[in-house]
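Q: Quick check, what structure comes out for this input:
(2 chains, ligands or ions: 1)
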Amino acid sequence: MHLYAGKKHQKYILNDCPNDQLLFAMGIRNGLTVSIVTKQPIGGPIIIRIKNREIAIDKALACHITAKAVT
Amino acid sequence: MDCHQQHQFKHRPTGIKKVLLMGNPNVGKSVIFNRLTGLDVVTANYTGTTVTYHEGLIRHQGSQALLIDVPGIYSLNVQSKAEEVAVSMLNAGADLIICVLDATHLERNLSLAFDLQNYDIPVVYSLNLSDVARRKGLEIDTKLLSQYLQAPVFETVAVKNLGVGALKHIIFQDFPKVNKMQVHNPIEKSQEIVQNVLQENDVELSLLERFSDWCIKPKTGIPIMFLVLALALGIIVGGGKAIRSIILLPFVNQIYAPLVTRIVERFVTDGIIYRVLVGEFGVLIKMIEWPFALILPYVLLFYIVFSFLEDSGYLPRLGVLMDGIFRKMGLPGSNIIPFILGYGCAVPAILGTRASGSKKERIIVVTLISIAVPCTAQTGAFITLLGDRSLFALLFVYMLSFITIFFTGLLLNRLLKGKSRPLILEIPNLLLPDFRSLSKKIWIKLKHFVKEAQVPMFFGILLAGLIVETGAIIWIGTALEPLVVGWLDLPKEASLSLLLGVIRRELAVMPLLEMDLTTIQLITGSVVALFYLPCISVFVILVKEFKAKIAFLIVLTTFFMAFFIGGLVQNILNWVM
Ligand SMILES: Nc1nc2c(ncn2[C@@H]2O[C@H](COP(=O)(O)OP(=O)(O)O)[C@@H](O)[C@H]2O)c(=O)[nH]1
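A: As a prediction, the model looks like this:
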């Protein structure tokens, strides 16, 4: 599934991040465990938490990140 | 905000230690800079760029050192203007680097630390925001971190001045050449270091952190946003009005104006010179009354509110909340920052779009700001003009501004080719800003406003006085009659606003104060002034930043929209009421 389809408060492991400069610069890479904090309405970004960092990621970009739910 | 100016350190001392202050954005670098240096600080443009940096002197037990505040960067990959500047500053050489690390985001911050290892300059680390880290339950073993980095590490809480003294002390020590570590895989290395030095304890979220969460969740965030905006507006409008009517206006009307009039009367008592100096548009009186008594209080309060929001880390949260709406205009939500900056002054807002954004985005933002975002000076003028008559009229003008921004944005997004960037943004900690840095910042901006505004204001008012007193106004008024009287239903003299509005935005509003207008006329005049030409400085920046063709196109658009919307509003209001 892609990250944008994820549920709030659920943890995910990123297993395929697109090769994107911006993602790379923010330190978002495969293998990270993230949790979804919230999604903004009307096509706004998704906000994820990595450890104690919070990062807003564009909907379009988040749709290209493949993630797997952690149970 | 005085970014389009070049300064030089007047008495830049030679032969003293040169220290570079570096770090990621938002780590508290400016606060540390302010704590280490005294009052003699200059803001400069890095040659050929819009990237600004500060330089200041550190004094300690009779010795001095030069501290350079390098722009905040995440790494030295040379992808942005700021990184380019940082690299060339490093290449120019220095005696010491102070690298500020954010204790709450250590892993991320370490990549810059590793990049610095490639330079043959000793480094000391300031592990800043350590109070916030502790609050979040993060415990960092600084001794171990110092071993890893092969350099001294100081825990600091810049806003409380903790640890800054030790940092200052070490600047003046001698540094032996150190063995720099070799980092082959920065990602793995930073993970390894963090795993060993950092211990995360479970703590209950502090109130500030819970509030921080509420700010970005739409359900709570949107009400908070409206609350913040209402509060900001209340402080600016209410506070400004209070300062104005309690202190400044009495001073001008009861002390300054009579005094100046009496002095002038010693020399001339009537005639055109007398009236140009102290008459209806008397330059000696209005040049103090308009900028200082009527406008300055609002400018001051705007900068207080803006700097507070900027330093508290709230603005990126606003950007995230607004992203959905901004997208419709082809803009990522982070562009809320140039917009809000534009409510201060369009010049830094336009320059600020330079560092980031695609060409399409830049043109959209800059056009929208030029058309429909009033600067603080103009806002002050609107409040003075409308706020006293009817708060509803004031709100109406601002609502119209928002609506126009939105629809013009939609249109531009359709018309312009090109793409806009996706939003990706780290949400910084929500913090209580440091009073000292805040007041310094506000002071610099205020000084800049006075410097920028005073001369054009003087000539504008002089021009107004001459036009009115020589009777040229009758001639101009007749020439513009079909437009001003026929279409806008304003008195003939209002054409004065159109002339002066070319010089500065608030000058398109101020002359209306001296006329006896109905509420509908006040609204019409304000609407025209709102959309009317940007001021001369903005025009110059537009030509410099874009092709002259685009600058003229933007200016023409503002010109026609002003009359079109102004007339439309007038006709509708007169028809409805
Ligand atoms: N609580 C706390 N806040 C800090 C500390 N250092 C800086 N700040 C705040 O962090 C914010 C960002 O600091 P600033 O110096 O503007 O960051 P810069 O972008 O690195 O220059 C401001 O609101 C500061 O008041 C600190 O040690 N503790």
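
Q: Please report the distance of the nearest residue to B:N574 once chain neighbours are set aside from B:Y343.
A: Take B:N574 and drop its neighbours on the chain: the residue closest to it by Cβ to Cβ, 6 or more residues apart in numbering or on different chains is B:I520, 6.1 Å away. For every residue, glycine as well, the C-beta is placed using N, CA and C. B:I520 sits 26 Å away from B:Y343, taking Cβ to Cβ, to the nearest Å as the criterion.

Q: do the same with B:N429
A: The span separating B:N429 from B:Y343 equals 25 Å under the rule Cβ to Cβ.

Q: re the thing from before, following whatever helix or strand the residue nearest to B:N574 lives in, which helix or strand shows up next?
A: In this structure, B:I520 sits in helix B:519-531 according to DSSP states H and E. Toward the C-terminal end, the helix or strand that comes next after helix B:519-531 (DSSP H and E) is helix B:536-545.

Q: Span of stretch B:491-508 from start to end?
A: Distance between the two ends of stretch B:491-508: 14 Å, counting by Cα to Cα, to the nearest Å.

Q: Run the chain-centre distance for that stretch.
A: Centroid separation between stretch B:491-508 and its chain, computed with Cα atoms, centre = their mean, to the nearest Å, is 26 Å.

Q: What are the buried residues along that stretch?
A: By neighbour count with 16 or more other Cβ atoms under 10 Å in any protein chain shown, stretch B:491-508 contains the buried residues B:491-508.

Q: Do me a favour and average the pLDDT over it.
A: Here stretch B:491-508 scores 88 as its mean pLDDT.

Q: Give me the secondary structure label for the nearest residue to B:P218 once chain neighbours are set aside.
A: With Cβ to Cβ, 6+ apart as the measure, A:P41 is the residue that lies nearest to B:P218, at 5.5 Å, once sequence neighbours are left out. Local secondary structure at A:P41 is given as coil here, using DSSP: H, G, I helix; E, B strand; the rest coil.

Q: My guess is A:P41 contacts B:K217. True?
A: No - distance between A:P41 and B:K217: 10.8 Å, which falls outside the contact criterion (Cβ atoms under 8 Å).

Q: so where do the helices sit in chain A?
A: According to DSSP state H, chain A carries its helices in the segments A:21-25, A:59-62.

Q: Could you tell me which residues of chain A lie near chain B?
A: For chain A, the contact set with chain B under Cβ under 8 Å from any Cβ of the partner chain comprises A:21-23, A:25-27, A:29, A:37-38, A:40-45, A:47, A:51-58, A:60-61.

Q: do that again at 7 Å, thanks
A: For chain A, the residues in contact with chain B under the definition Cβ under 7 Å from any Cβ of the partner chain are A:22-23, A:25-27, A:38, A:40-45, A:47, A:52-58, A:60-61.

Q: ok, back up a step: distance-wise, check the residue nearest to B:P218 relative to B:K29.
A: When distance is defined by Cβ to Cβ, A:P41 is 35 Å away from B:K29.

Q: who's in contact with residue 20?
A: Reading this off chain A. Residues near A:D20 by Cβ atoms under 7 Å, 6 or more residues apart in numbering or on different chains: A:L61.

Q: was after chain B, sorry
A: B:68, B:70, B:89, B:94, B:97.

Q: most neighbours, which of the residues you listed?
A: Neighbour counts for those were taken using other Cβ atoms under 10 Å in any protein chain shown; the highest belongs to B:V70, which has 24 neighbours.
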